[in-house]
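*Asks:* what follows is a protein structure lacking sequence information:
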């Protein structure tokens, strides 16, 4: 059986529990045999019954309880079943969790990881399909991270964050990304794409992957995407090359906030064009910030586009959902308009 | 043997600190806002005197009294209210965002209750035998998150004391316009033990607080202490809409300092007042002369 992103995250959680006794898992329906709505915690309550706590449906209260655990020296990991439900603990995230370290003049640490799956494409409808992380990007004191389908960028990164971070991290997973086969370092060489992996620009714990095509001419467009959209962008990159002979570079960060720019900027300096790709709604989104930062850094750069979800709720109907959310073909169409 | 003079000293330190804050605010010495503890001094004094060194206090916007009763010094508190580099949190937090040792405060209503619950759960998990105390007011009963927290505190049996200081008014709104049903029954429904007092006498409050805290330490189960009390000052600086006669009546009948002073030796009180007044003057002048933080302190 091919290992998936979900398997890697599950391994990362288990490894963190093994590595450090102060790690606790909390969340709704996370005990075995169910193991969480998306099975990310499968097996962990069996291995560590004392350190896995199934909870009432009380997201706001749980945010506070985990903050209290973290302020008193433990390393809680909170699962929020659907990313949509993070709004229920927004007060805790914004007015409590992200504030304490700074407003107490760095006299406390708050090692808390809140994991949650965002994203649509499963027909769950308007309140179970959103990509809401843009609401939390730019909140001072909060780190927002999205994994990628590589061992170093999924479970191993999660384990490192749980065991090493001293400040709160919002860890944005994706429902379809769970199912992606995990790319291992050895296998990457077999692909048409060439992957270069680098430690993060701002923080080495958060890798950045750069994709180019093997033996291809100079790339003319920079694509940037994170999370599950990064995988769709990889598919688009191959089709663009084979079907249209348009060569691109794809930059996929794992650290979304605080904002890091240099990998994208270096690439745009080479290509002169930038397409940002995200599953959240377009207006005032991640792509807007990336574009603004690149525009500030490269005066005169004019070829920039944003591809994102339409500014509507996510529909339940598969026919409508396909239109509302960005697809591989939309990425291809956007790039073709740029060259 | 309880040393009432020492309890009185704590209350008088709080009283003089808060009076100085309100007076000096008018002169522009402090920035931002403040919420004074005038009239409620016996609550913090009784509860915090009953704690042990490694116990935890989580409190709210009206937190100066709790901080001073915990043993916090006046100068860094004055300095924090002035936004000085020497403040409790270097001027980053101000009046309602304090952390020192096991003392934590935050200015958003309700959210501190689950945080205190999590802290109590942490101490239980670590086996430290420390308990957490969280102070809330009647106005905070409108925040839903406290019922989530109370449910989990009981479900997981954590060593938590919720002190509900019911001063019968939320900012300017009397509690009969905000609280339905019974305060105590709310908590009993979740399986918490509840004690309720209507007293401003620190000598009546102290044994009740001691009893609750020792039961919590023995049982690891949360309790609530409802302290019916009186707020003498405005909610913040000058926003008291109550008739002056109503406040005067509270001051005449519910002043914890007057109640205690009547039992104490006058000569000792004179000495104590002189000492504390000098402490306040010196702390205030010291804070006033302290430097403001430089721009580098922002990040």
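*Replies:* Good, I have the coordinates. Remember, it's a predicted structure, so these values are computed and weren't measured experimentally.
*Asks:* quickly find the element holding residue 61.
*Replies:* You didn't say which chain, so I picked chain A. helix A:59-71 (DSSP states H and E).
*Asks:* and the strands in the stretch 101-250 of chain B, which stretches?
*Replies:* B:103-105, B:132-137, B:160-166, B:169-170, B:173-174, B:193-198, B:223-228 (DSSP state E, counting those that start in this stretch).
*Asks:* again with the stretch 151-300 of chain A
*Replies:* A:169-174, A:193-198, A:208-213, A:221-224, A:248-253, A:255-257, A:274-281.
*Asks:* in stretch B:234-251, which residues are buried?
*Replies:* Within stretch B:234-251, the residues scored as buried using 16 or more other Cβ atoms under 10 Å in any protein chain shown are B:234, B:235, B:236, B:237, B:240, B:247, B:250. All C-beta spots, glycine's among them, are computed from the backbone N, C-alpha and C.
*Asks:* hmm, I was thinking of stretch B:49-63
*Replies:* B:49, B:50, B:51, B:55, B:56, B:57, B:58, B:59, B:60, B:61, B:62, B:63.
*Asks:* nearest residue to residue B:184 other than its sequence neighbours?
*Replies:* Nearest residue to residue B:184 in three dimensions, chain neighbours excluded: residue B:194, at 4.5 Å (Cβ to Cβ, 6 or more residues apart in numbering or on different chains).
*Asks:* please report how far that neighbour lies from residue B:212.
*Replies:* 10 Å (Cβ to Cβ, to the nearest Å).
*Asks:* quick check: neighbours shared by those two?
*Replies:* When contacts are counted by Cβ atoms under 8 Å, 6 or more residues apart in numbering or on different chains, residue B:194 and residue B:212 have B:223, B:225 as shared neighbours.
*Asks:* tell me the most buried of the strands of the stretch 101-250 of chain B?
*Replies:* Neighbour counts (mean count of other Cβ atoms under 10 Å in any protein chain shown) averaged over each of the strands of the stretch 101-250 of chain B peak at strand B:132-137, with a mean of 28.
*Asks:* mind checking how far that one is from the chain centre?
*Replies:* 8 Å (Cα atoms, centre = their mean, to the nearest Å).
*Asks:* pull the residues that contact that strand.
*Replies:* A:68, B:44, B:47-48, B:51, B:55-60, B:62-63, B:66, B:109-110, B:112-113, B:115-117, B:119-120, B:123, B:146, B:158-167, B:170, B:213.
*Asks:* so how far is the strand or helix carrying residue B:271 off the chain centroid?
*Replies:* If you go by DSSP H and E, residue B:271 is part of helix B:266-289. Between the centre of helix B:266-289 and the centre of its host chain there is 21 Å, according to Cα atoms, centre = their mean.
*Asks:* can you list the residues of the stretch 101-250 of chain A near chain B?
*Replies:* Contact residues (Cβ under 8 Å from any Cβ of the partner chain) of the stretch 101-250 of chain A with chain B: A:102, A:103, A:104, A:105, A:107, A:108.
*Asks:* would you say the last one is within a helix?
*Replies:* No - applying DSSP: H, G, I helix; E, B strand; the rest coil, one finds residue A:108 to be coil, outside a helix.
*Asks:* quick one: neighbours of it, just the number.
*Replies:* For residue A:108, the neighbour count with other Cβ atoms under 10 Å in any protein chain shown is 17.
*Asks:* that one against residue A:99, yeah?
*Replies:* No - using Cβ atoms under 8 Å, residue A:108 is not in contact with residue A:99; the gap is 10.6 Å.
*Asks:* from the residues of the stretch 101-250 of chain A next to chain B, keep the buried residues only.
*Replies:* Applying 16+ other Cβ under 10 Å to these flags A:102, A:103, A:104, A:105, A:108 as buried.
*Asks:* can you say which helix or strand has the fourth one in it?
*Replies:* Translated: residue A:105. Judged by DSSP H and E, residue A:105 forms part of no helix or strand.
*Asks:* quick check: the gap between residue B:239 and chain A.
*Replies:* 22 Å (Cβ to the nearest Cβ, to the nearest Å).
*Asks:* just the helices in the stretch 101-250 of chain B please.
*Replies:* B:112-126, B:145-155, B:183-189, B:202-219, B:244-253 (DSSP state H, counting those that start in this stretch).
*Asks:* of those, flag the one that's most buried.
*Replies:* helix B:112-126 (a mean of 28).
*Asks:* what's that one packed up against?
*Replies:* helix A:59-71, strand B:56-59, strand B:103-105, strand B:132-137, helix B:145-155, strand B:160-166 (3 or more Cβ pairs under 8 Å, 6 or more residues apart in numbering or on different chains; DSSP states H and E).
*Asks:* quick revisit: just put the strands of the stretch 151-300 of chain A in JSON lines and tack on mean pLDDT.
*Replies:* As requested, the strands of the stretch 151-300 of chain A are arranged in JSON lines below (pLDDT from 0 to 100):
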{"stretch": "strand A:169-174", "mean pLDDT": "98"}
{"stretch": "strand A:193-198", "mean pLDDT": "78"}
{"stretch": "strand A:208-213", "mean pLDDT": "92"}
{"stretch": "strand A:221-224", "mean pLDDT": "98"}
{"stretch": "strand A:248-253", "mean pLDDT": "96"}
{"stretch": "strand A:255-257", "mean pLDDT": "96"}
{"stretch": "strand A:274-281", "mean pLDDT": "98"}
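*Asks:* export those to JSON lines and tack on distance to residue A:85?
*Replies:* Below are these laid out as JSON lines (distance: least, Cβ to Cβ, whole Å):
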{"stretch": "strand A:169-174", "distance to residue A:85": "13"}
{"stretch": "strand A:193-198", "distance to residue A:85": "33"}
{"stretch": "strand A:208-213", "distance to residue A:85": "29"}
{"stretch": "strand A:221-224", "distance to residue A:85": "28"}
{"stretch": "strand A:248-253", "distance to residue A:85": "25"}
{"stretch": "strand A:255-257", "distance to residue A:85": "19"}
{"stretch": "strand A:274-281", "distance to residue A:85": "16"}
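*Asks:* how about a markdown table for those, with mean neighbour count added?
*Replies:* Listed next are those as a markdown table, based on neighbours: other Cβ atoms under 10 Å in any protein chain shown:
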| stretch | mean neighbour count |
| --- | --- |
| strand A:169-174 | 25 |
| strand A:193-198 | 14 |
| strand A:208-213 | 21 |
| strand A:221-224 | 27 |
| strand A:248-253 | 26 |
| strand A:255-257 | 22 |
| strand A:274-281 | 25 |
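*Asks:* relative to residue A:25, which of those strands is closest?
*Replies:* strand A:169-174 (12.8 Å; Cβ to Cβ).
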